[in-house]
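**Q** all I have is the shape, not the residue letters:
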């Protein structure tokens, strides 16, 4: 069983404070992946970066994605069967119910997409690997601040976590 985990495709990271044209283009590809997943009956799980005022992480990135603000809203419409997980750290498994949810669903392989390839996607890949999930990253469905950073992160996840780096077209054939 597969699950697609869409990491942090929230307004703050796509069109807001940390948004970019790269993120907007990525969102269009992620939308295609979500459509494929739903057609195949795979679970779609969205993560949302959220923080309480004064969060320690603000020392690194400045204030962002404060709980209850518009910046934490997903940019995609969700379906009733979709799962939404709020996370306060880079790794979507850290202090969230994600692992329990995946195990209860019988998921063995996760397909990761979202922002940012080198931060939250990469740390979520680590979390999945450490919990014995097979990991695939849909290349055109992730994005970073620049192409070099993105490619370095993809290579790292492939080398260190055994992640399968795939194109959207390949995923559609699974």
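**A** Cool, got the structure. Keep in mind that what you see is a predicted model, and the values were worked out from it rather than measured. Residues are numbered from 1 along each chain as shown.

**Q** going by C-alpha atoms from here, please, whenever you check contacts or count neighbours.
**A** Noted.

**Q** residues contacting residue 164?
**A** By CA atoms under 8 Å, 6 or more residues apart in numbering, the contact list for residue 164 reads 135-137, 158.

**Q** so what's it bridging to?
**A** residue 136 (DSSP bridges).

**Q** for the remainder of this discussion, apply numbering that starts at 367.
**A** Done: numbering now begins at 367, and the last item shifts to residue 530.

**Q** which of the contacts of residue 530 has the most neighbours?
**A** Of all the contacts of residue 530, the highest neighbour tally under other CA atoms under 10 Å goes to residue 503, namely 28 neighbours.

**Q** from residue 423, how far out is the nearest residue to residue 453 once chain neighbours are set aside?
**A** Leaving aside its sequence neighbours, residue 453 sits nearest to residue 415 (CA to CA, 6 or more residues apart in numbering; 5.3 Å). Residue 415 is 11 Å from residue 423, where distance means CA to CA, to the nearest Å.

**Q** which residues of this protein fall in strands?
**A** 368-373, 409-415, 449-453, 475-481, 500-509, 530-532 (DSSP state E).

**Q** and the pLDDT at the residue nearest to residue 453?
**A** Note on residue 415: pLDDT of 97.

**Q** hmm, residue 454 and it touching each other?
**A** Yes: in this structure, residue 415 is within contact of residue 454 by CA atoms under 8 Å, at 5.9 Å.

**Q** ok, those two, which is more surrounded?
**A** residue 415 (27 against 21).

**Q** how far away is the more buried one from residue 374?
**A** 6 Å.

**Q** cool, residue 466 as well?
**A** Per CA to CA, residue 466 is found 20 Å from residue 374.

**Q** check what pLDDT residue 367 gets.
**A** 86.

**Q** how about it, what does it touch?
**A** 408, 472-475.

**Q** if we use 6 Å, what do you get?
**A** 473-474 (CA atoms under 6 Å, 6 or more residues apart in numbering).

**Q** and the residue nearest to residue 380 when sequence neighbours are not counted, how many neighbours?
**A** Distances taken as CA to CA, 6+ apart place residue 389 nearest to residue 380, at 5.1 Å, with adjacent residues excluded. Neighbour count for residue 389, taken as other CA under 10 Å: 23.

**Q** wait, residue 389 sits on residue 379?
**A** No: using CA atoms under 6 Å as the test, residue 389 is too far from residue 379 to be in contact (7.4 Å).

**Q** next one: residue 406 from residue 431, what distance?
**A** Using CA to CA, residue 406 is found at 32 Å from residue 431.

**Q** give me the more crowded residue out of those two.
**A** Taking neighbours as other CA under 10 Å, residue 406 and residue 431 compare with residue 431 leading, 25 against 12.
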